[in-house]
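> Mind folding the following:
(2 chains)
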Amino acid sequence: GQQVMQIPQYQHVQEGEDFTTYCNSSTTLSNIQWYKQRPGGHPVFLIQLVKSGEVKKQKRLTFQFGEAKKNSSLHITATQTTDVGTYFCAGGDYGGATNKLIFGTGTLLAVQP
Amino acid sequence: NAGVMQNPRHLVRRRGQEARLRCSPMKGHSHVYWYRQLPEEGLKFMVYLQKENIIDESGMPKERFSAEFPKEGPSILRIQQVVRGDSAAYFCASSQQIGYQETQYFGPGTRLLVL
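Next comes the predicted model:
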């Protein structure tokens, strides 16, 4: 079945350092969505990428969708303590009729002040 | 504009009891998805419903689990004869319509603990 993997599983950075998480799918995706989940919280939608090679920015966050639509990355510049949480990518089911999301394994980001 | 609502937020059950989880989608949304998150893991798709229809239940366990989204009222995820392995966070998401570009918005989740 379709699998979406993320690396690293865990990243510990000093405040101000940059952070990147990578997402790889075993199959082509119709779109990729990124969510952030704080400890004890629920997934909060960050962004959606649809086009091959697409790059989107949100303040200090940069999202990229690969040319083959099988991988994606999230880069955070100059991390802050408020960035703490688990970042999940979620792939849309290409060609499927249900739009169910296949979630990645997640990257837990810890930021030390 | 209220978001996706789920209740209860926390539910404790003893083995063998039934658990009923409710989800009210965002206003104007007619598509509901249920996901399960085991401790320290990602979210796994369970079922996708529209009003009065189950569209995709490929992620639902074959036994003890059922879901519905009646014409009136919230969507219900029902777990019969719960076991300890059912302990997890259950999240509901809703979207406005089917389509590749439809964003799913998540509710706060129900944390189920089976003793």
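
> Who's the closest spatial neighbour of the most centrally placed residue in chain A, skipping the chain neighbours?
Nearest to the geometric centre of chain A sits A:Cys89, at 3.7 Å (Cα atoms, centre = their mean). Distances taken as Cβ to Cβ, 6 or more residues apart in numbering or on different chains place A:Cys23 nearest to A:Cys89, at 3.6 Å, with adjacent residues excluded. In short, each C-beta sits where N, CA and C put it, glycine included.

> got the buried residues for the strand or helix carrying the one you found?
Element membership for A:Cys23 (DSSP states H and E) is strand A:19-25. Buried residues in strand A:19-25, defined by neighbour count with 16 or more other Cβ atoms under 10 Å in any protein chain shown: A:Phe19, A:Thr21, A:Tyr22, A:Cys23, A:Asn24, A:Ser25.

> you'd agree the third one is up against A:Gln6?
Yes. With contacts defined as Cβ atoms under 8 Å, A:Tyr22 counts as touching A:Gln6 at a distance of 6.6 Å.

> so is B:Gly85 in a helix, a strand, or just coil?
Using DSSP: H, G, I helix; E, B strand; the rest coil, the structure places B:Gly85 in helix.

> Need the pLDDT of it.
Note for B:Gly85: predicted pLDDT of 94.

> got it, and B:Ser30?
88.

> now swap in B:Asn1 and tell me
52.

> hang on, the earlier thing: what lines up beside the helix or strand harbouring the residue nearest to the centre of chain A in the sheet?
A:Cys89 belongs to strand A:85-93 when assigned by DSSP H and E. Sheet pairing of strand A:85-93 (DSSP bridges) gives strand A:29-37 (antiparallel), strand A:101-103 (antiparallel), strand A:107-112 (antiparallel).

> As TSV, those strands with mean neighbour count would be great.
As requested, those are exported to TSV (neighbours: other Cβ atoms under 10 Å in any protein chain shown):
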stretch	mean neighbour count
strand A:29-37	23
strand A:101-103	24
strand A:107-112	18
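
> May I see these organised as CSV, with distance to B:Met46 added?
As requested, the strands paired with strand A:85-93 are exported to CSV (distance: least, Cβ to Cβ, whole Å):
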stretch, distance to B:Met46
strand A:29-37, 17
strand A:101-103, 11
strand A:107-112, 23
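
> So which elements touch the strand holding A:Cys23?
In terms of contacts (3 or more Cβ pairs under 8 Å, 6 or more residues apart in numbering or on different chains; DSSP states H and E), strand A:19-25 is packed against strand A:4-7, strand A:10-14, strand A:71-76, strand A:85-93, strand A:107-112.

> which one of the ones you listed is the most hemmed in?
Most buried of the helices and strands packed on strand A:19-25, by mean neighbour count (mean count of other Cβ atoms under 10 Å in any protein chain shown): strand A:85-93, with a mean of 25.

> what's the angle between that one and strand A:10-14?
140 degrees (axes from the mean of the first three to the mean of the last three Cα atoms, to 10 degrees).

> Show residues contacting strand A:85-93.
A:2, A:4, A:6, A:21, A:23, A:25, A:29-39, A:41, A:43, A:72, A:74, A:99-104, A:106-109, B:42-43, B:100 (Cβ atoms under 8 Å, 6 or more residues apart in numbering or on different chains).
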